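*Asks:* Sequence first, predicted model second:
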Amino acid sequence: MSATPPRPVPAVSASVPSTENSRPLFPLRVSSIERLHDFDNHAAWPNRIGTVLNCRGTINEEWARKALFAALARHPLMFARLDPRKSRWHLPVADCDRFCFATGPCPTGNRGETESAWRDMPDDSDGGVIAMARSCGEETQITFLIDHARADGLGGLQVVREWMQIYDNISGGKGELHGLPELDPQRLRRRNHLGLCTPRYFRNLWRQPIALFGTWKFLFRRFARLGNDSRSERGSIPPPAEAGLPKLLACEIGPQQLRQIRASCHRINVSLNDWMVGSLFEAVEQWRQEHGCSDNRPWIRMIIPISLREKSDVSMPAANRSTLVQLDRCAADFSPRVRLMQGVCYELGLIRAWQLDRMLLVAVRIIGTSRAWLRASTDWRQHRATTLLTNLAKPFLKSGLARDPDGRLRFGGLSLESADLVAPLKHGMAASFAVHQYRQRMRISMQYDPHILDRERADSLLRMFAERAQNDLV
């Protein structure tokens, strides 16, 4: 990491305009989901999310550092530190530089293994955001890794988009915050509100025991895994992260194929997200059959993050305001294909309509009353799911940046060719997927554990997912 001297952190206190109260923001109570994610941070599986920007052009180091500091100043949790008791966020009085630079290959193709996103990143376990830019000729790859306890996928993208805007403002001689909306840090007090006292939740209160069935499945149903991992043996010690860093593969679905997928979704009245979830179930089952997995467990379990943001949260700085739901399917559910897609749509629709997605966070609050319970629930030997899929939709759609005729965003002399959104890995979950749309294309980013999957098998799974997503209903 650069040896740049510490810079003062902008004060976040009662002087910030607030629609709720005028109390100083820090120390700020840690929310239940933040507490869980902090305990779930292990050396071999860092609990971080990421964004990799694949650009054309040369980055200016001074502008990049200045823009990152200005962006983080708008999001207090990115500067905050947890006290030893893990019950309060505290704001430090100074902060070091979080942007480092390197040179070397930048694999920005549609399918390329990206190790640089982790191998050369500085070690800053106490920081909310660390970033690295790697340039090679006219190619520049900018990587942001964000502590999952501090932000979910949408919160992390909020920071990245603002960095892009501020970088463009600096390059154009404008004010750093020109064109950015005003944020209210006091809204962070509401980031853990679940709406359990609202009329809508009370109307669905009698349905909440249905969520207990999901809890039962989570605890007792044995689900398939994508490979055997020798580290799962009790008593074994996970290797240090640098011994086998997670790796990233990506591919794209072109505009014509994406239009065909949307047409198929319209015919059977499901969303694009439902279609991708169903396609991943099919791909995992096909992959397991073709690779002769010895695991004979019939159920495939997928974790799906769900954002709890409301319209009133638009002025909230980056935070983790999300929950997780799980879907279990077996091979008998995959035929006919229409039934699989519509079944996924129906189940996710009920979860949202009946607010069953709150049950996990209610359980986390109960578990969080005991550090022993938290340690047991986040033990690194705990297997979480077969895989994870998060859909970030169109994360760059509302950017205030200029676009070229092909739809590429341009900022400070850089042109955004593509982006990879990185979902976290957990023990026993050999691969996680993130999908999003940009320039009328769908990008599928896959992070995988090289201890479990080699490059060939990982690439095979990604290819099957993309192919299943593009297959019609027949």
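*Replies:* Here it is on my side, so go on.

*Asks:* list the helices and strands the host helix or strand of Leu72 packs on?
*Replies:* Taking DSSP states H and E as the definition, Leu72 sits inside helix 61-73. Using 3 or more Cβ pairs under 8 Å, 6 or more residues apart in numbering; DSSP states H and E, the elements in contact with helix 61-73 are strand 99-103, strand 129-136, helix 153-171. (C-beta placed from N, C-alpha, C; glycine too.)

*Asks:* among those, which is the most enclosed?
*Replies:* helix 153-171 (a mean of 24; mean count of other Cβ atoms under 10 Å).

*Asks:* show me the contacts for Leu212.
*Replies:* If you count contacts by Cβ atoms under 8 Å, 6 or more residues apart in numbering, Leu212 has them with Met359.

*Asks:* where's it relative to Asn204, distance?
*Replies:* Distance, Leu212 to Asn204, by Cβ to Cβ, to the nearest Å: 14 Å.

*Asks:* Does Thr143 fall in a helix, a strand, or a coil region?
*Replies:* Taking DSSP: H, G, I helix; E, B strand; the rest coil as the rule, one finds Thr143 in the strand state.

*Asks:* can I assume it is in contact with Ala131?
*Replies:* Yes - between Thr143 and Ala131 there is a contact at 6.5 Å, judged by Cβ atoms under 8 Å.

*Asks:* least reliable of the helices and strands packed on helix 61-73 going by mean pLDDT?
*Replies:* Least confident of the helices and strands packed on helix 61-73, judged by mean pLDDT, is strand 99-103 with a mean of 80.

*Asks:* Run the angle between that strand and helix 61-73 for me.
*Replies:* 140 degrees (axes from the mean of the first three to the mean of the last three Cα atoms, to 10 degrees).

*Asks:* just checking, what packs against strand 99-103?
*Replies:* helix 61-73, strand 129-136.

*Asks:* List the neighbouring strands of the last one plus their orientation.
*Replies:* The reference is to strand 129-136. Strands that pair with strand 129-136, judged by DSSP bridges, come out as strand 99-103 (parallel), strand 139-147 (antiparallel).

*Asks:* quick revisit: could you dump the helices and strands packed on strand 99-103 to JSON lines with distance to Phe99?
*Replies:* Output for the helices and strands packed on strand 99-103, formatted as JSON lines (distance: least, Cβ to Cβ, whole Å):
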{"stretch": "helix 61-73", "distance to Phe99": "5"}
{"stretch": "strand 129-136", "distance to Phe99": "5"}
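
*Asks:* between these, which gets nearest to Phe396?
*Replies:* Within these, the stretch nearest Phe396 is helix 61-73; the backing value is 15.5 Å (Cβ to Cβ).

*Asks:* Using PDB, list the CA coordinates for that closest one.
*Replies:* This file holds the C-alpha atoms of helix 61-73, laid out as PDB (Å, rounded to 0.1, in the frame of the first residue of the first chain):
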ATOM      1  CA  GLU A  61      -3.200   8.200  -9.700                       C
ATOM      2  CA  GLU A  62      -3.600  11.500  -7.900                       C
ATOM      3  CA  TRP A  63      -7.200  11.900  -9.200                       C
ATOM      4  CA  ALA A  64      -8.100   8.300  -8.200                       C
ATOM      5  CA  ARG A  65      -6.900   8.700  -4.600                       C
ATOM      6  CA  LYS A  66      -8.600  12.000  -4.200                       C
ATOM      7  CA  ALA A  67     -11.800  10.700  -5.700                       C
ATOM      8  CA  LEU A  68     -11.800   7.700  -3.400                       C
ATOM      9  CA  PHE A  69     -11.300   9.800  -0.300                       C
ATOM     10  CA  ALA A  70     -14.100  12.100  -1.300                       C
ATOM     11  CA  ALA A  71     -16.500   9.200  -2.100                       C
ATOM     12  CA  LEU A  72     -15.800   7.500   1.200                       C
ATOM     13  CA  ALA A  73     -16.300  10.800   3.100                       C
END
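
*Asks:* Moving C-terminal from that helix, which element do we reach first?
*Replies:* Sequence-wise, the next helix or strand beyond helix 61-73 is strand 81-82, with elements assigned using DSSP H and E.

*Asks:* Distance from the chain centre to that next one, please.
*Replies:* Centroid separation for strand 81-82 versus its chain: 21 Å, with Cα atoms, centre = their mean, to the nearest Å.

*Asks:* can you list contacts of the next helix or strand after that strand?
*Replies:* As assigned by DSSP H and E, the chain's next helix or strand after strand 81-82 is strand 88-90. Here strand 88-90 makes contact (Cβ under 8 Å, 6+ apart) with 26-30, 77, 80-83.

*Asks:* for strand 88-90, which positions count as buried?
*Replies:* Trp89 (16 or more other Cβ atoms under 10 Å).

*Asks:* Over to stretch 344-363?
*Replies:* Neighbour-count burial for stretch 344-363 flags 344-345, 347-348, 351, 354-361, 363 (criterion: 16+ other Cβ under 10 Å).

*Asks:* So which of those residues belong to helices?
*Replies:* Judged by DSSP state H, helices contain the following of the buried residues of stretch 344-363: 344-345, 347-348, 351, 358-361, 363.

*Asks:* hmm, which two among those are most spread apart?
*Replies:* Cys345 and Ala363 (25.4 Å).

*Asks:* how about the helices and strands packed on strand 99-103, which one is nearest Cys100?
*Replies:* The nearest among the helices and strands packed on strand 99-103, by Cβ to Cβ, is strand 129-136 at 5.1 Å.

*Asks:* relative to helix 153-171, how tilted is that closest one?
*Replies:* 60 degrees.

*Asks:* The stretch 251-400 of the chain: helices as residue ranges?
*Replies:* Along the stretch 251-400 of the chain, the segments classed as helices by DSSP state H, counting those that start in this stretch run 255-268, 272-290, 337-353, 358-367, 371-377.

*Asks:* Can you name every helix or strand that the third one contacts?
*Replies:* It stands for helix 337-353. Going by 3+ Cβ pairs under 8 Å, 6+ apart, helix 337-353 lies up against helix 255-268, helix 272-290, strand 300-307, strand 322-329.
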